[in-house]
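> Next come a sequence and a model predicted from it.
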Amino acid sequence: MQKIARFAVRRAPLVVLLWLAVIVGLNVGVPQLEKVIAEDNTAFVPEHAASITAYTHMDEAFGAGDTRSIVFVAGERDGGLTRADRVWFGQLTDRIEAEHEEVTTVTDVAANGVWEGVVSKDGEAIYVQVGLPADVGTPQSSQQIHELREIVADEVPRGLAVAVTGPAATITDTQDTIERDIATITVVTVGLIAVILLLLYRSLGVTALVLGFIGAALGAGRGIAALGGHLGWFHVSTFTASFVTAIVLGAATDYAIFLLSRFHEQRRAGVEAREAAARATVKVASVIVGSALTVVLATASMGLAEIGMFSTTGPAIALAVAMALFLCLSLLPAMIAIVGPRGWIDPRPTRSEARWAGLAAYVVAQPAKVLALGLLPLLLLASFYPLMDLGYDQRRVQPDGTESNIGYRLLADHYPANEVLADYVLITSDHDMRNARDIAAIEQAAASVARLRGVESVRTVSRPLGTPIEQASLGYQMGVAGERLGKASAKVATGAEDATRLDSGATKLSGGAGQVADGASRAVDGADRLLAGANELSAGLTRLADGADDAADGTRRLREGAARLADGLEDGLDSAQLAVDGLGLAYDALKNKSLTCGIDPACRQAREGIRQIWVGERDQLLPGLRDAVAGARAIAAGTVDLETGLARIQAGLDRADAGATQLRAGQATLAGRLGDLADGAGQVADGASRVADGTGQVAGSMGELGSGLGDASAYLTETGKATRDPAVGGFYLPPAAFDDERFAMARGLFMSADGRSARMVVVGSTDAFGNASIDRTAALRDTTELALADGPLAGSTVESAGMPSSLADIRELSTADFRMVALVALLVVLVILLVLLRSIVASLFLLGSVVLSYAAAMGLGVLVWQMLLDKPLDWTVPSIAFVLLVAVGADYNMLLIKRIRDEAPDGSAAGVARALAITGGVITAAGLIFAASVFAMMSGSVVTLTQIGFTIGMGLLLDTFVVRTLVVPAFAALVGPRLWWPGAPKAH
């Protein structure tokens with residue numbers, strides 16, 4: 001180190017020119033850091049994160065497979081969107097596809113039913129979804145969003161407010177705001193450093209020297225960071241530029257002050273300026289190297305982080321700080337060697353060392369009391385640290401007037417909360433899920449998710465509007481069956497009315513039949529005459545039988561008479577046959593063809609009389625007449641003897657007489673009812689006509705009833721077979737529904753083309769950026785997996801995507817990153833302290849003081865931001881604050897403890913006091929300047945940088961004025977020589 005210092009002092013102009021050439025070359029020959037950042041494509045969240053993987057799978061199933069981020073074009077018009085607005089949005093989607101080369105998807109509002117689906121219920125707002133191929137948070141994503149905004153802003157109708165919003169747009173607006181703030185932060189930082197230098201050193205020469213050096217360090221640091229990013233040594237992002245600027249300015253100022261303090265000591269001791277520069281460089285080199293290595297290694301460990309904000313800032317900071325270290329050990333001694341002999345930077349008389357000597361004497365005189373006094377505020381502030389509730393809302397870290405925030409407010413005024421910030425649950429199966437059983441299983445999972453606390457609605461293939469498809473519930477389907485049965489019942493009721501008419505007609509028919517019987521009295525005379533004729537026939541037959549005896553006397557006359565008798569009998573037989581046939585037809589009609597004769601007693605009695613007449617004539621009269629005719633013919637022909645012929649005639653006539661007797665009895669019965677039947681013949685005809693009409697209508701109704709009952713039976717049978725499957729539960733989507741046009745849109749939105757992927761859109765009632773929504777993402781997956789576990793989709797892959805899921809990944813990954821970076825940083829600090837001090841006790845105590853200082857700074861941040869200002873600390877604050885506070889705090893630790901080791905190798909209180917008095921001003925100046933450089937970050941408009949600047953700045957002040965001023969020297973004085981265990985340095 002001595003050779004380097006001597007060379008830098010002896011060849012000061014050459015060293016300065018060489019470094020100027022390097023700095024100019026880095027800034028001219030290498031693209032500027034902002035340009036390198038614009039070419040980097042590091043994602044904000046790594047691609048292997050669960051939410052990113054899920055989104056990729058969802059895009060492959062439902063999109064083109066190349067969408068990595070989504071934004072929304074939101075529009076609003078007070079009083080309602082107009083037809084012109086609809087035309088403009090239709091043209092806008094066409095222009096986006098035509099003019100934006102990289103857009104992957106865009107909502108086609110001109111498609112059937114799409115406009116109605118995306119317009120708010122009040123008709124005043126609309127949003128159009130646009131997919132982009134760049135990962136969220138990358139410069140390419142920002143560029144694509146800027147191009148989209150230019151297209152959207154072209155020829156907007158008067159009175160229509162439009163804004164491009166969404167998570168990707170939010171990140172872009174945050175990065176844009178930081179880029180605009182970098183210049184302001186840099187100017188404020190340099191201004192604060194200049195003011196503090198003037199106040200502390202009261203020297204324009206010192207101020208100019210330090211500002212020139214930190215300017216060179218910043219130029220070299222930005223240039224080397226740009227070179228590393230350009231060559232691919234590490235990734236860079238928008239956050240890289242702001243953090244490199246703040247940390248390099250602070251660290252370079254610290255190193256310059258460390259070296260200047262030693263130079264001033266040498267000058268006060270009367271050492272020549274050039275020699276003082278060389279000696280100061282050698283004496284302070286170990287502290288500066290140790291301090292710089294702490295920062296370099298701690299921040300370099302951030303390159304192992306998964307979150308893009310950490311991995312793109314840590315390595316660049318490490319390389320820039322390493323460059324500042326090289327400049328401090330070579331360029332700064334050369335600059336001092338050039339201006340030092342002119343007296344421009346010589347120390348001014350000051351009383352600060354005397355004041356620090358008085359404080360040091362008190363500290364070593366009351367070490368226990370001072371130690372307790374120093375630890376008390378640190379412990380009190382640290383007690384707030386466990387109460388920290390980190391915030392992940394990127395909307396709140398940027399100004400309210402950014403376009404993305406304007407778009408969020410626009411949507412919030414017209415749509416349900418989180419309309420464009422929903423969770424997506426993706427279900428991937430090994431088979432086509434477009435069947436009743438699988439969709440029922442999806443519905444069961446959706447119903448389970450919908451019951452989770454904080455879930456407002458779940459949309460999926462079984463519930464495209466957020467509630468289950470009404471037609472698919474068994475209740476609805478039973479209602480359909482009931483409706484069909486109701487229609488059939490109505491038909492039955494109509495048939496019942498017709499049956500009533502039939503009954504009425506039948507009643508009238510019955511009454512008519514009675515009147516027919518009554519009216520038959522008009523035929524009594526004819527019946528009496530028929531009865532008289534029958535009587536005369538019987539008498540004649542009797543006389544004929546008597547006369548047969550006389551005929552035996554006159555054979556000749558008998559033959560002639562027998563012939564005439566045969567002729568007469570045949571005529572009577574023919575007439576009787578016709579009568580018998582007619583009566584048979586009448587009886588058959590009344591018995592087998594009449595609907596009411598069996599009910600009406602009068603009709604039954606009339607029918608019985610007809611039957612008796614018909615049977616008597618058929619079985620007795622006709623056979624007897626036939627025998628008599630045969631006997632008469634035989635006598636007339638002389639083919640038999642007279643006695644035999646007369647016997648045959650006598651037997652036939654006797655049989656005919658028996659039939660006639662039965663005929664008279666039937667005629668008497670018939671005559672008694674024939675009168676009743678005669679008068680009702682007209683009414684019988686009328687009633688029969690009504691019966692016919694009613695019967696026809698009943699027949700028609702019964703046909704329709706049969707059809708309706710058949711449909712209902714088939715429907716219920718099909719539903720019953722399907723729903724007997726336990727996996728279906730209370731949800732059943734008939735196969736015909738898959739071909740229904742009304743179901744087509746829902747099927748396309750929530751089920752992939754091959755049917756192997758289905759998604760649920762879960763809209764929460766809690767803030768999508770809040771911890772409640774983030775916590776719920778794991779429950780969404782677990783609940784879905786549990787609901788599918790015992791059904792046809794058991795074993796399916798369940799993933800979640802969306803803003804809450806991405807934030808859940810950020811929280812998980814950032815927590816893991818913090819643990820890893822913290823562990824590495826602590827190990828680095830411990831190793832460097834052990835190497836530098838060769839003391840376990842001192843090293844562990846100083847490491848503990850660093851951790852306590854960090855906890856106190858974070859507790860103060862929680863107290864101020866979370867409790868007093870009601871703004872939770874951004875999730876990036878703990879990790880970045882830890883690395884910088886531990887690394888920078890170690891700087892002051894090393895400077896102080898190295899001087900204590902030099903002044904008090906035996907652990908004497910006097911040596912500790914001398915070390916504190918000598919370094920007190922230097923550490924205070926360094927702490928104030930570094931704090932000022934990070935406090936300058938608060939001049940920006942991004943809350944993230946404001947909180948980081950506040951927390952780190954306050955941590956540096958606590959470290960400067962409490963830890964290094966009170967705690968460390970008090971502990972050193974209290975433990976004495978044990979501080980250097982297991983060894984002890986030799987006394988000077």
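Thanks, I have it.
> just the strands in the protein please.
Under the criterion DSSP state E, the chain contains strands at 69-76, 105-106, 125-132, 161-165, 423-428, 455-459, 757-764, 797-802.
> so can I have CSV of those showing distance to Y408 and mean neighbour count?
(Glycine included, C-beta is placed from N, CA and C.) Below are the strands of the chain laid out as CSV (distance: least, CB to CB, whole Å; neighbours: other CB atoms under 10 Å):
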stretch, distance to Y408, mean neighbour count
strand 69-76, 8, 26
strand 105-106, 20, 18
strand 125-132, 11, 23
strand 161-165, 6, 23
strand 423-428, 17, 24
strand 455-459, 17, 20
strand 757-764, 15, 25
strand 797-802, 15, 23
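> Please name whichever of the ones you listed is nearest to R781.
strand 797-802 (5.2 Å; CB to CB).
> for the strands of the chain, which one sits closest to A932?
So among the strands of the chain, strand 161-165 is nearest, using CB to CB, at 36.6 Å.
> what about the closest one, distance to the chain center?
Distance of strand 161-165 from the chain centroid (CA atoms, centre = their mean, to the nearest Å) equals 23 Å.
> related to what we said a few turns ago, and A772, which of the strands of the chain is closest to it?
A772 sits nearest to strand 757-764 of all these, at 8.0 Å, using CB to CB.
> Okay, now the unreliable bits of the stretch 851-988 of the chain?
984-988 (pLDDT under 70).
> residues touching the residue nearest to Y854 when sequence neighbours are not counted, list them.
Spatially, and ignoring its direct neighbours in sequence, Y854 is nearest to L885 (4.8 Å; CB to CB, 6 or more residues apart in numbering). Neighbouring residues of L885 by CB atoms under 8 Å, 6 or more residues apart in numbering: V850, S853, Y854, A857, I952, G955, L956, D959.
> Tell me how far the last one lies from N893.
To N893, D959 is 9 Å away according to CB to CB, to the nearest Å.
> ok, so what distance separates the closest residue to L786 other than its chain neighbours from V425?
Of all residues not flanking L786 in the chain, S448 sits nearest, at 7.3 Å (CB to CB, 6+ apart). Computed as CB to CB, the S448 to V425 distance reads 11 Å.
> Find the residues that touch each one of these two.
With CB under 8 Å, 6+ apart as the test, S448 and V425 both reach T784.
> Could I get the full set of helices for the stretch 701-850 of the chain?
Assigned by DSSP state H, counting those that start in this stretch, the helices in the stretch 701-850 of the chain fall at 741-750, 771-788, 803-837, 840-861.
> Compare those and give me the one nearest G29.
Proximity to G29 (CB to CB) singles out helix 803-837 among the helices of the stretch 701-850 of the chain, at 32.5 Å.
> Any stretches of the stretch 201-350 of the chain with poor pLDDT?
Within the stretch 201-350 of the chain, the ranges that satisfy pLDDT under 70 run 350.
> can you list the strands of the chain in CSV and add distance to L332 and mean pLDDT?
Output for the strands of the chain, formatted as CSV (distance: least, CB to CB, whole Å; pLDDT from 0 to 100):
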stretch, distance to L332, mean pLDDT
strand 69-76, 46, 94
strand 105-106, 56, 90
strand 125-132, 47, 94
strand 161-165, 48, 96
strand 423-428, 55, 94
strand 455-459, 61, 91
strand 757-764, 56, 93
strand 797-802, 52, 94
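> what's the closest of those strands to V284?
strand 69-76 (49.5 Å).
> Mind giving me the packing neighbours of the closest one?
Here strand 69-76 touches helix 83-99, strand 125-132, helix 139-152, strand 161-165, helix 167-201, helix 403-412, going by 3 or more CB pairs under 8 Å, 6 or more residues apart in numbering; DSSP states H and E.
> Going by mean pLDDT, which of the ones you listed comes out lowest?
Looking at the helices and strands packed on strand 69-76, the lowest mean pLDDT belongs to helix 167-201 (a mean of 89).
> now the angle from that one to strand 797-802?
If you take axes from the mean of the first three to the mean of the last three CA atoms, to 10 degrees, helix 167-201 sits at 60 degrees to strand 797-802.
> What residues sit buried inside helix 167-201?
Using 16 or more other CB atoms under 10 Å as the test for burial, helix 167-201 gives 167-178, 181-182, 185-186, 188-190, 192-194, 196-197, 200-201.
> likewise stretch 15-32?
Buried residues in stretch 15-32, counted by 16+ other CB under 10 Å: V15, V16, W19, V22, I23, L26, N27, V30, P31.
> Can you tell me what sits against it?
The contact list for stretch 15-32, computed with CB under 8 Å, 6+ apart, reads 7-8, 36, 39, 216, 219-220, 222-224, 226-227, 230, 327, 330-331, 334-335, 338.
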